[in-house]
Structures are given as C-alpha cells and as structure tokens.
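Student: structure of the sequence below:
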Amino acid sequence: MARAAADAGYEVHLATSISKNRQRIEELGFELHDLNWPRGRLNPLDNIAMVREVRRLYDRLNPDVIHSIALQPGVLGALASTGMPLVQLNSLVGLEFVFTSPQLKARFVQAVLKVLLPRLMNRPHTVVTVENKDRQIPARLASV
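Tutor: Take a look at the predicted model:
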C-alpha cells in the first residue's frame, strides 16, 4: 500500500521500531522514523510514552492519512490522534493471542480492548480491517 501511495505521488512516511532493514526501506524512497516502541508492553507508563512519541510525530508531520498495522499500533496510534482531523486505516492483524489465549495477560488486554476499541475504531473517518488465520477472531472482535 505504501509503495502504491508513493507511486501515485504521495509523500510516504514509515514510523516503526527499526531493528533491521533500515537501508532497504530507505531505498524504497520512504521517509523513515524510528520509534522507541517495544512490542507487547503492557506497562501503562510505557504505553503513555509511546502515545506521546507518536503524537509528537503526528504534530510535526501533519499527515492526511494514517495507516496503522497490528493491534498495538492501531490502538496507540488512535489514542495519539485524538482530536486531530485525520483519516485513519487500522489493519488489525495478529489477534490470535489476545482473543484465544487463556493466559491472564491476554484476558487483561481483552478487557481493556472492550472499553477502548469501540471508542477508538468507530470514530468518523476511521476504517478498520481485520485479517487473521483464525476465522472466529473477527466475530469475537465484533462482539467487543
């Protein structure tokens, strides 16, 4: 999608935690922004710091469209964009752990998502796509 947007003449920025492939991404012509974003962190202070980091990036770039891929970037990116007139596409992938695991961590995240997702993903100018191997995940997500 990013390549198609760039080919259509849009300025494309990629914000992610970069562990490898920096040069390859930059060679594709995307403006790269390295985020201090460890995966799977549940510490509220870490999440607040991540939301603030993304908000500062949004304020600096003033994007027209945001495309967040995966659950954590979708939720934290939506929180960061609160009050901003942005079009958002949230591609929620990799939801198997949260919606199928009996682990306490997964059940906690699911409880938080029941509160946050309806408020964040049903906003004007927001579109959500769900892609998972487990066909029951979208149904479980819809019940949130």
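
Student: tell me the secondary structure for residue 41?
Tutor: Using DSSP: H, G, I helix; E, B strand; the rest coil, the structure places residue 41 in coil.

Student: which residue packs closest to residue 79, ignoring adjacent ones?
Tutor: residue 51 (4.8 Å; Cβ to Cβ, 6 or more residues apart in numbering). C-betas here are computed from N, CA, C, even on glycine.

Student: could I get the one helix or strand that neighbour maps to in PDB with only the CA atoms?
Tutor: Using DSSP states H and E, residue 51 sits within helix 44-61. Extracted in PDB, the C-alpha atoms of helix 44-61 (Å, rounded to 0.1, in the frame of the first residue of the first chain):
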ATOM      1  CA  PRO A  44       0.800   1.900  31.300                       C
ATOM      2  CA  LEU A  45       3.800   4.300  31.600                       C
ATOM      3  CA  ASP A  46       5.400   2.700  28.600                       C
ATOM      4  CA  ASN A  47       2.200   3.000  26.600                       C
ATOM      5  CA  ILE A  48       1.700   6.600  27.600                       C
ATOM      6  CA  ALA A  49       5.300   7.300  26.400                       C
ATOM      7  CA  MET A  50       4.600   5.600  23.100                       C
ATOM      8  CA  VAL A  51       1.400   7.600  22.600                       C
ATOM      9  CA  ARG A  52       3.200  10.800  23.300                       C
ATOM     10  CA  GLU A  53       6.000   9.900  20.900                       C
ATOM     11  CA  VAL A  54       3.500   9.200  18.100                       C
ATOM     12  CA  ARG A  55       1.500  12.300  18.900                       C
ATOM     13  CA  ARG A  56       4.700  14.400  18.600                       C
ATOM     14  CA  LEU A  57       5.400  12.800  15.200                       C
ATOM     15  CA  TYR A  58       1.800  13.500  14.000                       C
ATOM     16  CA  ASP A  59       2.100  17.100  15.200                       C
ATOM     17  CA  ARG A  60       5.400  17.500  13.300                       C
ATOM     18  CA  LEU A  61       4.300  15.800  10.100                       C
END
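
Student: buried sites along it?
Tutor: By neighbour count on 16 or more other Cβ atoms under 10 Å, the buried set for helix 44-61 is 50, 51, 53, 54, 55, 57, 58.
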